[in-house]
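Visitor: Next one to model:
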Amino acid sequence: MPHRYTAVLLLIVTLALSACASNGSAKAGAAGAASDPWETVNRKTDAFNTAVDKATLKPLAKGYRKIMPDLARRGISNFFDNLGTPAVALNNFLQGKGRDGFVDIGRFLMNSTVGIGGLIDVGTEFGLTEHDEDFGQTLAVWGVGDGPYVVIPFFGPSTLRDALARPVDILSGPLHYYENSSVRDKLRVLQAIDLRTRLLTAERFLEDSNDRYITLRESYLQNRNYKIYDGDPPMDDDFYDDIYDDMLDEEP
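Guide: Residues are numbered from 1 along each chain as shown. The predicted model follows:
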């Protein structure tokens with residue numbers, strides 16, 4: 001992508017996110033009820049994504065898991081996790097978490113050298129904690145509101161804020177700047193299969209639910225809230241109200 005198109009794309013994302021910020025603080029909205037005004041369209045998009053997944057990525061992931069040894073799959077997962085570490089470090093710095101950012105840099109350097117290009121997670125063995133940050137989380141820390149829940153074709157569940165931040169995540173990844181398009185595209189396909197394989201076990205939870213769409217939506221939003229607060233999200237006030245109401249109902 002030429003640099004001028006990249007600059008225009010970033011400008012569009014920034015302007016759109018400014019509008020998204022009018023929905024209020026992300027940390028205030030993340031703990032509340034899901035905002036899903038586009039549920040009708042979202043359900044159709046989710047059904048489309050599910051159909052495409054069943055015809056493409058899911059069988060590929062099952063075959064990949066069946067023929068690829070555990071050790072090899074773990075190495076490939078480590079490789080892609082390591083490849084995304086510089087972007088994680090950048091977002092930690094943008095969020096004001098300098099210590100975590102330097103830990104990420106240390107992990108990347110150690111895994112890329114001693115860990116043979118990231119195939120072996122040496123950093124964890126040396127106490128360098130792995131983090132999971134993206135630009136959507138950074139915007140949340142800066143006070144940009146979630147916006148409505150939205151299901152993106154082919155990509156799945158998101159919020160409006162995270163959907164608009166996704167291009168920045170793509171631009172911050174090293175694969176985007178790898179000039180050999182043939183190798184780059186093959187790596188992206190392998191990365192998608194690797195990610196889908198990791199989700200095979202978790203999807204059983206969705207299959208057992210009464211309403212797959214609602215279960216996926218709530219799980220996604222709770223997981224995003226968990227990540228934004230680094231594993232310590234605030235308790236929703238409605239949760240305490242429900243407990244109080246239950247206690248009143250149980251009184252004689």
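Visitor: Give me the helices and strands touching the helix or strand hosting residue 74, please.
Guide: If you go by DSSP states H and E, residue 74 is part of helix 70-83. Identification of packing neighbours for helix 70-83 by 3 or more Cβ pairs under 8 Å, 6 or more residues apart in numbering; DSSP states H and E yields helix 98-113, helix 181-198. Where you see a C-beta, it was placed from the backbone N, CA and C, and this is true even at glycine.
Visitor: can you give me the helices for the stretch 101-250 of the chain?
Guide: Remark: helices of the stretch 101-250 of the chain, listed N- to C-terminal, are 122-125, 135-141, 160-171, 181-198, 203-207, 212-228, 237-250; assignment by DSSP state H, counting those that start in this stretch.
Visitor: So for residue 72, which of the ones you listed sits nearest?
Guide: For the helices of the stretch 101-250 of the chain, proximity to residue 72 was assessed by Cβ to Cβ; helix 181-198 is nearest, at 10.8 Å.
Visitor: neighbours of residue 129, just the number please.
Guide: Number of residues near residue 129 (other Cβ atoms under 10 Å) recorded here: 10.
Visitor: mind putting the helices of the stretch 101-250 of the chain in TSV, mean pLDDT and distance to residue 44 included?
Guide: Conversion of these to TSV gives the following (pLDDT from 0 to 100; distance: least, Cβ to Cβ, whole Å):
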stretch	mean pLDDT	distance to residue 44
helix 122-125	95	41
helix 135-141	97	24
helix 160-171	95	17
helix 181-198	95	22
helix 203-207	82	17
helix 212-228	94	10
helix 237-250	48	29
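Visitor: Of these, which stretch is the most buried?
Guide: Mean neighbour counts were compared across those using mean count of other Cβ atoms under 10 Å; the top stretch is helix 135-141, at a mean of 24.
Visitor: Nearest to residue 40, out of the helices and strands packed on helix 70-83?
Guide: So among the helices and strands packed on helix 70-83, helix 181-198 is nearest, using Cβ to Cβ, at 26.8 Å.
Visitor: Identify the residues contacting that closest one?
Guide: Among residues not part of helix 181-198, those counted as contacts by Cβ atoms under 8 Å, 6 or more residues apart in numbering are 53, 57-58, 60-61, 64-65, 73, 76-77, 80, 175, 178.
Visitor: for stretch 42-51, which positions count as buried?
Guide: By neighbour count, with 16 or more other Cβ atoms under 10 Å as the criterion, the buried positions of stretch 42-51 are 42-43, 45-46, 49-50.
Visitor: got the CA positions of that stretch in CSV?
Guide: Coordinates of the C-alpha atoms in stretch 42-51 are reproduced here as CSV (Å, rounded to 0.1, in the frame of the first residue of the first chain):
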residue,chain,number,x,y,z
ASN,A,42,-25.6,-8.9,13.0
ARG,A,43,-27.4,-12.2,13.3
LYS,A,44,-27.5,-12.5,9.5
THR,A,45,-23.8,-11.7,9.2
ASP,A,46,-23.0,-14.2,12.0
ALA,A,47,-25.0,-16.9,10.1
PHE,A,48,-23.0,-16.0,6.9
ASN,A,49,-19.7,-16.3,8.8
THR,A,50,-20.7,-19.6,10.3
ALA,A,51,-21.6,-21.0,6.9
